[in-house]
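Q: need a 3D model of the sequence below.
(2 chains, ligands or ions: 2)
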Amino acid sequence: MTLRKSMIVARADLRMALQVSYVKYGLIGMSALGPIMILVIVSFVAFGTTSAVEALALLSLLSPTISPVLGVISIIPASLIAANALVGEKEQNTIEALLCTPLTDSELLIGKVLSSFIPSMALLLGTIAVTEVGSIVIFLSAGLPFSVNFLVPDVAGLFLLLSAGPTMILAISSVMILISGRVARVYEAYQVSGVSIMVFILPIIVPLLVMQSGGIPDANLVWLSDIATLLIASVLMTITWILAIGRFNRDRLVSLV
Amino acid sequence: MKNNFDQYTAISDQNSPTEEGTDFEVSISGLTKCFGDILAVNHMSLDVPAGCIFGLLGPNGAGKSTTIRLLCTLLTPTEGTALVGGYDIIESPVSVREITGVLPEEGNHTLYQTMSVYENLEYFARLYGVAEGEIPQRIEELLSFMSLWERKDDRAGELSTGNRQRLALCRALLHRPRVLLLDEPTSALDPVAAKRVRELILRLAREYNQTFFINSHNLPEVQRMCDRIAIINDGNILMTGTTAELRAKLHAKQIFRLRTSEDVARVSSIVESMAFIEYVRSDVDSLILTIENPQENNSILLQTLLSQNIKIIELAEEETTLEDLYLEVIKGGVDK
Ligand SMILES: Nc1ncnc2c1ncn2[C@@H]1O[C@H](COP(=O)(O)OP(=O)(O)OP(=O)(O)O)[C@@H](O)[C@H]1O
Ligand SMILES: [Mg+2]
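A: Ligands and ions are numbered 1, 2, ... in the order given. I've put the predicted structure just below:
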């Protein structure tokens, strides 16, 4: 098995995904939406408060929600590309020709995973970097001091995004491989991938629930829900990947559903 | 139109030779495929020597495409197996895929619509492991041969059906495979293009010993091109043989054309009642018949018809075609 063959598949897939306009503009739109939304909130915090203490207090309320939202937004593109990768080829009938090439099952599957993993990671890291740098600039221009506490996303959020983020992207790819033998249309695949993203809702909901019951989500709770999310994502990724590899069946991919 | 026919260079020698013990490039034994209750291919056994152009014929749903999909490892057999270039389709599917070129059924629908003509071929050349430096030349060679070079930058989805089929054929030939599995290769092509493809297939088989396994409904074409033929129905081989053997079978029965200016239906009702005549089919202005012992019975036939005032334009021996044989085999009229 060579990674070279998988890369050939991934590159071609990516080029094609970008030729589909709703994927392309979906990618651009989604990846711009996250940072814009968050930087607007950050500006509000930076310029709407009168002191650093007040700004930090407000930020500590908002931060637990900001990172998972960013996570959801940057994982949606991954699910779009992943859904196109195998099910799209099935819908277009190109899968038959692709399966006739000397690609092994693992070369093919790794290629398909890479085709959504590479751009999604690029988008995720890009989104984090833009938000992080943007918020620092905003805080500094509002005359607030530079410190770790002013990071948006904060340290817990960065941990969530950089660990559970890639894990979820891989999980969604394997979910797509898993369902590729069962669904015939890309929109069905989109629906399934949409459901998978819901895992990221957990770290949003937990702090919100606490706030709703009158409490203030403390750092421990935030870390706990982030780690829980990572665990769920890891379990999901492992199970779906094992199932995807074990159940992958060329017969079923070329047969009519 | 640039003709690069003469530049179409040899099959690459990167492929290892057929295993010892098998002289056949494709050797099918007991191959069976079920889809639920449907028995698409039923214990099929046949051998195709290297350099042979093999034609698989049969009505819709006979199992031709399923056979090709089994041979190119797209489907896994329910029972039995096959060797392609000496490699077992179950044990070494990757090796089988390396040495085969495939034109899937409705090949014109299996192209990447949004990629350009050139990109489609480039992508597959890489997947088939064609050396990077050799790719542009091979693509130009094939596209020029198929008169598609001027359209190399157009999206594949913008081509006409026939041109997409040509492109799919280019894709199958790109890595100079030892075995080509072509599912209805000329079905969407215009007569000129079909002729060029036939000539190319003949040339590749004769000069470069490439083996062709072709599904087709185009019987005159198969008759002209194929060295060996098998006719299948409901997944069963009804008849198989070399073209020479078929020809012998074809000459065993003499077929006549009775052309008349009368109503064909009326004439056929008279003719059908005669014991020495086996009615085959009717054309616009004639009946196609087989006549037992024609030396004696032809005159009886003519006398009978004349006595009933039927005007006959001609009663002539027809050149028997593969089509006639095919129709008889499918009806169950010819021994295996
Ligand atoms: N993926 C599949 N699932 C279920 N049944 C199938 C499948 N593919 C083929 N069949 C069935 O197997 C039989 C053989 O089909 P096949 O496509 O091989 O026929 P064919 O000889 O190529 O016909 P045609 O000349 O129409 O192309 C048919 O009865 C068909 O319905
Ligand atoms: Mg068919």
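
Q: what sits against the closest residue to residue B:175 other than its chain neighbours?
A: Distances taken as C-beta to C-beta, 6 or more residues apart in numbering or on different chains place residue B:128 nearest to residue B:175, at 3.7 Å, with adjacent residues excluded. Placement of C-beta: from N, CA and C, glycine included. Residues in contact with residue B:128 (C-beta atoms under 8 Å, 6 or more residues apart in numbering or on different chains) are A:101, A:102, B:98, B:174, B:175.

Q: not counting residues beside it along the chain, what's closest to the third one?
A: For residue B:98, the nearest residue in space outside its immediate sequence neighbours is residue A:102; the separation is 4.3 Å by C-beta to C-beta, 6+ apart.

Q: that older thread, Serialize the contacts of residue B:128 to TSV and add fields for secondary structure, distance to residue A:131 and neighbour count.
A: Listed next are the contacts of residue B:128 as TSV, based on DSSP: H, G, I helix; E, B strand; the rest coil; distance: C-beta to C-beta, whole Å; neighbours: other C-beta atoms under 10 Å in any protein chain shown:
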residue	secondary structure	distance to residue A:131	neighbour count
A:101	coil	41	24
A:102	coil	43	19
B:98	helix	47	20
B:174	coil	46	22
B:175	coil	47	23
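
Q: the host helix or strand of residue B:56: partners in the sheet, and parallel or antiparallel?
A: Element membership of residue B:56, judged by DSSP states H and E, is strand B:53-57. The pairing partners recorded for strand B:53-57 under DSSP bridges are strand B:211-215 (parallel), strand B:228-233 (parallel).

Q: okay, those strands, which one's buried deepest?
A: Mean neighbours per residue, mean count of other C-beta atoms under 10 Å in any protein chain shown, is largest over the strands paired with strand B:53-57 for strand B:211-215, with a mean of 26.

Q: give the rounded mean pLDDT of that strand.
A: Strand B:211-215 carries an average pLDDT of 97.

Q: mind listing what's buried along the helix or strand following that strand?
A: Tracing the chain C-terminally past strand B:211-215 and defining elements by DSSP H and E, one meets helix B:219-225 next. Within helix B:219-225, the residues scored as buried using 16 or more other C-beta atoms under 10 Å in any protein chain shown are B:219, B:221, B:222, B:223, B:225.

Q: for these, work out which two are farthest apart.
A: Farthest apart among the buried residues of helix B:219-225 by C-beta to C-beta are B:219 and B:225. That separation is 10.8 Å.

Q: circling back to that earlier point, among the contacts of residue B:128, which one sits closest to ligand 2?
A: Checking the contacts of residue B:128 against ligand 2 by C-beta to the ion gives residue A:101 as the nearest, at 21.0 Å.

Q: ligand 1 versus that closest one, what's the distance?
A: 20 Å (C-beta to the nearest ligand atom, to the nearest Å).

Q: same deal with residue A:122?
A: Residue A:122 is 38 Å from ligand 1, by C-beta to the nearest ligand atom.

Q: which other helices and strands does the host helix or strand of that residue contact?
A: Element membership of residue A:122, judged by DSSP H and E, is helix A:105-141. Here helix A:105-141 touches helix A:3-19, helix A:21-48, helix A:52-83, helix A:155-180, helix A:219-247, going by 3 or more C-beta pairs under 8 Å, 6 or more residues apart in numbering or on different chains; DSSP states H and E.

Q: shaky segments in the chain?
A: Answering for chain A, as no chain was given. Confidence mapping of chain A against pLDDT under 70 gives the ranges A:1, A:207, A:216-217, A:256-257.

Q: nope, chain B please
A: Ranges of chain B meeting pLDDT under 70: B:1-22, B:247, B:250-253, B:280, B:332-336.

Q: how's it carved up into domains?
A: As given by automatic domain parsing, the domain ranges for chain B are B:13-246, B:251-319.

Q: which of the ones you listed sits most buried?
A: Per stretch, and counting mean count of other C-beta under 10 Å, the top mean among the domains of chain B goes to domain B:13-246, which has a mean of 19.
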